[in-house]
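> I would like to see how this sequence folds:
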Amino acid sequence: MDGVIAELERALGTGAVLSGEDVPAANRHDWSGLPATTPLALVRPRSTEEVAAVLRVCHAAGVPVVPQGGLTGLCGGARAATGEVALSLERLVGIEEIDAETATITVRAGTPLERAQEAASAAGFLLALDLGARGSCAIGGNVATNAGGNRVIRYGMTRDLVLGLEVVLPDGTVLTNLNKLVKNNAGYDLKQLFIGSEGTLGVVTRVVLRLHPLPASVAAGFCGLPDFPAVLALLQAARRQLGAGLSAFEGMWHEFYECMVTKASGVRAPLAGRHPFYVLLEAHGSDPTDGERFEAFLGRMLEQGVVADAAVAQSTAQVRAFWAVRDAVAEYATMIGPMVNFDVGLVTGRMHAVVEVLRREVAARWPGAVAHFYGHIGDGNLHVNVNVPGAVPQPKAEIEALVYRVVRDHGGSISAEHGIGVTKLAYLGYSRTPAELALMRTLKQAIDPRNILNPGKVVGG
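Predicted coordinates for the structure are as follows:
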């Protein structure tokens, strides 16, 4: 192993290779809550060529490599175990190009999402991918996990925004296809192999992303609703009457809302009364007057009794204040304590049935437990957070078994947007058939026969 570290130092320089106690604490874990580790080494390449050099050295020695972006993942996918090399892309940053004619941005993989968003905005464009970790998460990690976030209902997942990729394979081979064409059917679309593969098939180093025009108006409304059928009715009406302008439809069950507006710092209740359900809608308009159209839409929903109460943002600051209710989940640890969190996909019409079953079964198994439900309702993504007061540690395995069983029984996916990593590996068979799992393993074996790239993640050992 000392020989491998020496070779890496020769390839990258001593300042780019850290080992032992010199590995920073931040690179020893991600946001999954799994215990910290001490990787064999941390390497910080500055270019695609240096990434390739790292992989050639490790491939020849049979040493596993774990790619790391912003380390904001929740499933342990970027956590390097003892004896593995952590490959951080923190130095591989920068905006290489914004092409106004093709409406694309070419970004190095370690670039934080928020920096890319700001660069696009300064050029008059919208980089539509957006999630709460925008200031920390890296573009390469967004691609590797096929990140979703707040605007999927209009703009799609990361997969829908990627036109081209540069990827380094496990043996150090560089695949460069920085395609800017929307229409390109020249053979297999190889980039799709790597989007959502969580770094198990290749290391993303550069990305070409689609851009959209900056909206001429951004309208937001916060609604209180009497029941879940009203939530579904509002969603259908918003799709019909706001059309492609509908950019977010975030749903919150009352337990979640009450916690956010009473315990989160700096969060104010957008509505005076209390309701069983809440929805935050956002619409991007191509005309400054589209805000009036949005307000008229909510007025009709109030008149028809679909919505019990609503507030419409009158400024950008109020839009941010509405989103603060939804984004305050980052404070859960201080508000409630340790939470066992879930990111699942469900047919929208079945969501409340799943919530009711989970409420009932969690309460029966752990009387007094806290269970919160919220999510990107418009695209079928439900988040579930559970805390058993006083339990140290939390009964994580038992809660996971319960939640994933209920999701499976209702035809859902155990992972809507956070990936599999290691924490969901045991349950992947709940959402994928044996034939699909076999094909995944075949692809892994074909591209990484030595199993050195993020081993044990997604498809197991």
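
> I'd like the mean pLDDT over stretch 368-383, please.
Taken as a whole, stretch 368-383 has a mean pLDDT of 95.

> got the buried residues for that stretch?
Within stretch 368-383, the residues that qualify as buried are 369-383, counting by 16 or more other C-beta atoms under 10 Å. The C-beta positions use only the backbone N, C-alpha and C, and glycine is treated the same way.

> now stretch 233-244
For stretch 233-244, the neighbour count (16+ other C-beta under 10 Å) marks 233-235, 237-238, 242 as buried.

> and the contacts of that stretch?
With C-beta atoms under 8 Å, 6 or more residues apart in numbering as the test, stretch 233-244 has contacts from 154, 223, 225, 246, 249, 279, 281, 283, 293-294, 297, 300-301, 306-307, 348, 377-378.

> give me the buried subset of the residues you listed.
Neighbour-count burial (16+ other C-beta under 10 Å) applied to the contacts of stretch 233-244 gives 154, 223, 225, 246, 249, 279, 281, 283, 293-294, 297, 301, 306-307, 348, 377-378.

> remind me which residues of the stretch 201-350 of the chain are low pLDDT?
Residues of the stretch 201-350 of the chain that meet the criterion pLDDT under 70 are absent altogether.

> where do the helices of it begin and end?
For the stretch 201-350 of the chain, the helices defined by DSSP state H, counting those that start in this stretch occupy 228-241, 254-263, 290-303, 316-327, 332-335.

> what about the strands in the stretch 351-461 of the chain?
Listed in chain order, the strands found in the stretch 351-461 of the chain under DSSP state E, counting those that start in this stretch are 370-376, 381-387.

> can you redo the ones you listed as JSON lines with distance to Lys396?
What follows is these, written out as JSON lines (distance: least, C-beta to C-beta, whole Å):
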{"stretch": "strand 370-376", "distance to Lys396": "14"}
{"stretch": "strand 381-387", "distance to Lys396": "9"}
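
> show me the one of the ones you listed that comes nearest Gly77.
In terms of C-beta to C-beta, the element of the strands of the stretch 351-461 of the chain nearest to Gly77 is strand 381-387, at 18.1 Å.

> okay, that closest one in CSV with CA atoms only?
Taking Å, rounded to 0.1, in the frame of the first residue of the first chain, the C-alpha atoms of strand 381-387 are listed here in CSV:
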residue,chain,number,x,y,z
ASN,A,381,-41.7,11.7,-4.5
LEU,A,382,-42.5,11.3,-0.9
HIS,A,383,-40.1,11.9,2.0
VAL,A,384,-40.7,10.2,5.3
ASN,A,385,-38.8,11.1,8.6
VAL,A,386,-39.2,9.0,11.7
ASN,A,387,-37.9,9.6,15.2
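
> give me the domain ranges for this protein.
Here the domain parsing of the chain from automatic domain parsing is 2-88, 95-213, 217-330, 337-430.

> go through these and name the closest to Pro455.
Closest approach to Pro455 among the domains of the chain (C-beta to C-beta): domain 2-88, 5.0 Å.

> between the two ends of that closest one, what distance do you get?
Taking C-alpha to C-alpha, to the nearest Å, domain 2-88 runs 20 Å from one end to the other.

> one more: stretch 313-333?
29 Å.

> hmm, back to that, Throw the domains of the chain into CSV and include distance to Arg441, thanks.
Listed next are those as CSV, based on distance: least, C-beta to C-beta, whole Å:
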stretch, distance to Arg441
domain 2-88, 17
domain 95-213, 11
domain 217-330, 34
domain 337-430, 11
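
> all strands of the stretch 101-250 of the chain, in order?
Counting by DSSP E, counting those that start in this stretch, the strands of the stretch 101-250 of the chain are 104-108, 125-126, 162-168, 174-177, 203-210, 212-213, 217-225, 246-253.

> which one of those lies nearest to Thr72?
Nearest of the strands of the stretch 101-250 of the chain to Thr72, taken as C-beta to C-beta: strand 203-210 at 15.6 Å.

> from the contact counts, what lies against the closest one?
Contact here means 3 or more C-beta pairs under 8 Å, 6 or more residues apart in numbering; DSSP states H and E; on that basis strand 203-210 packs against helix 48-61, strand 65-68, strand 104-108, helix 139-145, strand 162-168.
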